[in-house]
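> need a structure here:
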Amino acid sequence: MRAIDLHTHSTCSDGTFSVKELIDRAHEKGLAAIALTDHDTVEGIDEAVQYAAEKYPDLEVVPGIELSTESDGREVHIVGLFIDNHDKDFVDSLSAFIDSRTTRNIKMCKKLTEEAGIPISYEELEKEFPDTVITRAHFAKFMVEKGYVNSRAEVFDRYIGDHCPYYVGREKITPEDAVRSILKAKGVPVFAHPILCRLSDDRLEALVSRLKDAGLVGIEAIYSTYERRDEVQIKELAKKYDLLVSGGSDFHGANKPDIDLGTGCGKLFIPEDLLIPIKAARG
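Alright, predicted model coming up:
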């Protein structure tokens, strides 16, 4: 059985592979399917679908997205699979997600400049990374290249990682909003890497229950950095709440150098038969 990868990023958001490079890599790895799930944008989907159809007819491209939300002070990411990326209402609704990210980025630039003594403006970031949804990975790249810090790790450890002094959270868009938005676009909403929310077991289950009530269809139970016990825990939640099991590497290229497409940290394997019920659940 061939492998699939249902969580990947390109240069349309914070990955370092272009759309075509990502599809080429998926073919090299022998994947049966790949989902392009860039943050808050559908910009690269048409290119990915067309390029794969022309060069690699045995590789299925799943139109996707990853929406960043907040719940109880924690970032919660919702992946949408098999979305209609041409749905006008859905594409228009993405402006709310992008606007919240832009507002956060501007505030973070101000804190870094005024409180950390690191001169950085949002205008500079836009100039350096045009036509891209700017994330903290872009802040890190910019700060390293300008010589303000020694490494990407330093940026996240000392400056803008979660709970660091100059981190600014997103404006509050709820994960329920994201689930409903994906459903309206005829997609399959999936709770991405729930273990990374760093919630207690009880709080995580309460969140899963809430999202199920909002229309959640799947949960990412197979993921690059999960321990065996994590995968077991999430699969148990999937069974309890009648959710489909999804999986992905969360590949970002050089921005997450220890994670490869399809194989994650080396042992990841997402079987292609998981895609069958997900595809059947499309709106």
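> just the helices in the stretch 151-283 of the chain please.
Counting by DSSP state H, counting those that start in this stretch, residue ranges of the helices within the stretch 151-283 of the chain are 152-154, 175-184, 201-214, 228-240, 275-280.
> out of the ones you listed, which comes closest to residue 265?
With Cβ to Cβ as the criterion, residue 265 lies closest to helix 228-240 of these, at 12.8 Å. Using the backbone N, CA and C atoms, a C-beta is placed for each residue, glycine as well.
> quick check: angle from that closest one to helix 201-214?
With axes from the mean of the first three to the mean of the last three Cα atoms, to 10 degrees as the criterion, the two stretches helix 228-240 and helix 201-214 enclose an angle of 40 degrees.
> CA-only coordinates of helix 228-240, as CSV, when you get a sec.
Below are the C-alpha coordinates for helix 228-240, written out as CSV (Å, rounded to 0.1, in the frame of the first residue of the first chain):
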residue,chain,number,x,y,z
ARG,A,228,3.0,6.1,19.9
ARG,A,229,0.9,7.0,23.0
ASP,A,230,-0.2,10.2,21.3
GLU,A,231,-1.4,8.4,18.2
VAL,A,232,-3.3,5.9,20.4
GLN,A,233,-4.9,8.7,22.4
ILE,A,234,-6.1,10.5,19.3
LYS,A,235,-7.4,7.4,17.6
GLU,A,236,-9.4,6.6,20.8
LEU,A,237,-10.9,10.1,20.6
ALA,A,238,-11.7,9.6,16.9
LYS,A,239,-13.5,6.4,17.7
LYS,A,240,-15.4,7.9,20.7
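> for it, give the mean pLDDT please.
Taken as a whole, helix 228-240 carries a mean pLDDT of 98.
> ok, now stretch 255-264?
Along stretch 255-264, the predicted local confidence has a mean pLDDT of 96.
> which residues does that stretch contact?
The set of residues that contact stretch 255-264 without belonging to it, under Cβ atoms under 8 Å, 6 or more residues apart in numbering, is 3-5, 8, 14-16, 22, 25-26, 29-31, 34, 137, 140-141, 152, 223-225, 249-252, 265-266, 268-270.
> ok, 6 Å please
Applying Cβ atoms under 6 Å, 6 or more residues apart in numbering, the set of residues contacting stretch 255-264 from outside is 3, 5, 14, 16, 25, 29, 31, 137, 224, 249, 251, 265.
> ok so, going back, out of the helices of the stretch 151-283 of the chain, which is the most enclosed?
Between the helices of the stretch 151-283 of the chain, helix 175-184 has the highest mean count of neighbours, a mean of 22, where neighbours are mean count of other Cβ atoms under 10 Å.
> buried ones in stretch 101-117?
Going by neighbour count (16 or more other Cβ atoms under 10 Å), the buried part of stretch 101-117 is 101, 102, 104, 105, 108, 109, 111, 112, 116.
> got the phi/psi numbers for the first one?
The phi and psi values for residue 101, taken as degrees, to the nearest 10, are phi -70, psi -40.
> list the contacts of the closest residue to residue 173 other than its chain neighbours.
Leaving aside its chain neighbours, residue 173 sits nearest to residue 69 (5.0 Å; criterion: Cβ to Cβ, 6 or more residues apart in numbering). Taking Cβ under 6 Å, 6+ apart as the definition of contact, the neighbours of residue 69 are 76, 173, 174, 175, 178.
> could you report the pLDDT at residue 69?
Residue 69 carries a pLDDT value of 90.
> for it, helix, strand, or coil?
The assignment at residue 69 comes out as strand when based on DSSP: H, G, I helix; E, B strand; the rest coil.
> picking that back up, which of the contacts of stretch 255-264 are buried?
In the contacts of stretch 255-264, burial by neighbour count holds for 3, 5, 14, 16, 25, 29, 31, 137, 224, 249, 251, counting by 16+ other Cβ under 10 Å.
> ok, so of the residues you listed, who is nearest residue 274?
Comparing every one of the buried ones among the contacts of stretch 255-264 with residue 274 (Cβ to Cβ), the shortest separation belongs to residue 3, at 10.0 Å.
> what's the pLDDT at that closest one?
Each residue has a pLDDT score; the one for residue 3 is 98.
> how far away is it from residue 69?
Between residue 3 and residue 69 the distance, using Cβ to Cβ, to the nearest Å, works out to 28 Å.
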